[in-house]
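> A predicted structure for the sequence below; I have some questions about it.
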Amino acid sequence: MAGVTLKGVQKRFDKTVVIKDLDLEVKEHEFMVLVGPSGCGKSTALRMIAGLEEISGGTITIGDRVVNDLPPKDRDIAMVFQSYALYPHMTVRQNLEFGLKIRKMPRAEIDKLVNNTAQMLGIDHFLDRKPRELSGGQRQRVAVGRAIVRQPAVFLFDEPLSNLDAKLRVQMRAEIAKLQHRLQTTTIYVTHDQVEAMTMGQRVAVLKDGDLKQVGTPMELYDKPANVFVASFIGTPPMNLFAATITEGGATLTTAKFTFPVPASLRSMTAKHDGLKVVVGIRPENILETGVEGRGETAPIEAEVEIAEPLGNEVIVHARAGDALLVAKLEPHRVPKLGEKLSLFVELDSLHLFDAETERRLE
Ligand SMILES: Nc1ncnc2c1ncn2[C@@H]1O[C@H](COP(=O)(O)OP(=O)(O)OP(=O)(O)O)[C@@H](O)[C@H]1O
Ligand SMILES: [Mg+2]
């Protein structure tokens, strides 16, 4: 097994720069998720690690070998694609065996590996069927099985669950995470789905337009997003963000329609930035209607309900406060009516502040 290190990796297609200057260290045994919106360069990055795409600059190291010029078959990786890419004319067993036969592994060893893997993935009943005789979820398992039997140093996954329905995705994402935990194989997993990223990754790397925006554990990204992009990308519903100015020597946040006091916990930081234009972030669960006691400093805010979405365990409320549209996660005890005026409270210790110009988090 091996870690994967990218140093100053670049990718250009003709003159278009797709990956600018990517530094990323995936530790041995780690499950790293690469997440970002469509077109940000996730698949390109993964394909460069796999050797399916040449790099335009920098170095990629797998274990202690620089692999820049190694063909895919010599990189000791196995990749699982969104399309599964199974051989349609071969049975499940033949699909699983294929890579091992090419490597001339002895028959008995192949049988043992294939049978063990099929059992582990719950596909041992389908070994004699062709891929078209399987459901999407079963095909996905075969594709994962084909990667596992090869016992590579590194697994690379590119959106392997996006063709599955919502329920199966949740099930398969737990299975893949468990499997990786058991096998301890270094894994890089690409997805555009931030929930998948948060639930599966030991660490998550957030990409935007070929730029790495932040790398950290899921909770680090959630609790301390390094910039406005990560703040808005991680979390559902997304963080509320609005423009404000730090005023009164750092004591107040002023917007066009309302003001907030700055809580004691942030005061020494805001004092250094008096007059600065900022972006204020509040997560939906940090806006309360009741249960304010014990939540530290809060500030009242009046808002008018525009949409209320009862989900059973909570109500997602979209409400207008001045010119800001706020999304709040409220207790499900009652669903507010459209147009209803709500007296809400903002948990001030949970505010996130970003420099409006650089969009970086203020620390
Ligand atoms: N062969 C190519 N030639 C030119 N441009 C390319 C090529 N392959 C990818 N691109 C461009 O590179 C950018 C990144 O593509 P990539 O497939 O890596 O995105 P992605 O993050 O995987 O997106 P998605 O979530 O939609 O799969 C895109 O703007 C894409 O148009
Ligand atoms: Mg992609």
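Looks like it arrived, so ask away. Numbers count the residues shown, from 1 in each chain. Ligands and ions are numbered 1, 2, ... in the order given.

> what ranges do the strands span in the stretch 201-350 of the chain?
Secondary structure of the stretch 201-350 of the chain (DSSP state E, counting those that start in this stretch): strands at 203-208, 211-216, 240-247, 252-254, 259-261, 277-282, 287-288, 298-310, 315-321, 324-330, 341-347.

> okay, those strands, which one's buried deepest?
Neighbour counts (mean count of other CB atoms under 10 Å) averaged over each of the strands of the stretch 201-350 of the chain peak at strand 203-208, with a mean of 24. No exception for glycine: its C-beta is placed from N, CA and C like everyone else's.

> who does that strand pair up with?
The pairing partners recorded for strand 203-208 under DSSP bridges are strand 31-35 (parallel), strand 211-216 (antiparallel).

> and the shortest one, anywhere near ligand 1?
No: remark: strand 31-35 sits outside contact range of ligand 1, by CB under 6 Å from any ligand atom, the gap being at least 8.4 Å.

> which of the strands paired with strand 203-208 sits closest to Glu53?
Across the strands paired with strand 203-208, the minimum distance to Glu53, taken as CB to CB, is reached by strand 31-35, at 14.4 Å.

> who touches the helix or strand just after the closest one?
Remark: after strand 31-35, the chain's next helix or strand is helix 42-50, criterion DSSP states H and E. Helix 42-50 is contacted by residues 4, 6, 9, 11, 18-19, 22, 34-36, 53-55, 60, 62, 72, 75, 77, 79, 154, 156, 158-159, 188, 190-192, 207 when judged by CB atoms under 8 Å, 6 or more residues apart in numbering.

> filter those residues to the buried ones?
Neighbour counting with 16 or more other CB atoms under 10 Å marks 4, 6, 9, 11, 18-19, 22, 34-36, 53, 55, 60, 62, 75, 77, 79, 154, 156, 158-159, 188, 190-192, 207 as buried within the contacts of helix 42-50.

> just the ones of those residues in helices?
Under the assignment DSSP state H, the buried ones among the contacts of helix 42-50 contribute nothing to helices.

> residues in this structure within reach of ligand 1, list them.
The chain comes close to ligand 1 at residues Phe13, Thr16, Val18, Gly36, Ser38, Gly39, Cys40, Gly41, Lys42, Ser43, Thr44, His192, as judged by CB under 6 Å from any ligand atom.

> residues making contact with the longest helix anywhere in the chain?
What stands out as the longest helix in the chain, according to DSSP H, is helix 166-183. For helix 166-183, contacts defined as CB under 8 Å, 6+ apart pick out 31, 120-121, 136-137, 140-141, 144, 148, 155, 157, 160-162, 164, 187, 189, 196, 199-200.

> now stretch 274-283
225, 228, 231, 235, 239-250, 253, 255, 260, 326, 346-347, 350-357, 359, 362.

> can you do 6 Å?
The contact list for stretch 274-283 (CB atoms under 6 Å, 6 or more residues apart in numbering) reads 228, 231, 239-242, 244-246, 249-250, 253, 346, 352-354, 356.

> count of neighbours near the residue of the stretch 251-363 of the chain found nearest ligand 1?
Closest contact between the stretch 251-363 of the chain and ligand 1, by CB to the nearest ligand atom, is at Glu359 (20.6 Å). By other CB atoms under 10 Å, the residues close to Glu359 number 15.

> who's in contact with it?
Going by CB under 6 Å, 6+ apart, Glu359 touches Asn227, Val228.

> for Arg65, see how far away Ala153 is.
If you measure Ala153 against Arg65 using CB to CB, to the nearest Å, the figure is 10 Å.

> could you do Pro106 as well?
Note on Pro106: its distance to Arg65, by CB to CB, is 27 Å.

> who's more crowded, the two?
Arg65 (14 against 9).

> circling back to that earlier point, which ones among the contacts of helix 42-50 lie within strands?
If you go by DSSP state E, the contacts of helix 42-50 have 4, 6, 9, 11, 18-19, 22, 34-35, 60, 62, 77, 79, 154, 156, 158, 188, 190-191, 207 in strands.

> return the per-residue confidence for the residue in the stretch 101-250 of the chain positioned nearest to ligand 1.
Going by CB to the nearest ligand atom, ligand 1 is nearest to His192 of the stretch 101-250 of the chain, at 4.4 Å. At His192, the pLDDT value in this model is 93.

> can you tell me which residues contact it?
Going by CB under 6 Å, 6+ apart, His192 touches Ser38.

> what are the phi and psi values for it?
phi -100, psi 0 (degrees, to the nearest 10).

> use 5 as the first number for this chain going forward.
All set: I'll call the first residue 5, so the last point we hit is now His196.

> Ala49 and Gln14, how far apart?
From Ala49 over to Gln14 the distance is 11 Å, taken as CB to CB.
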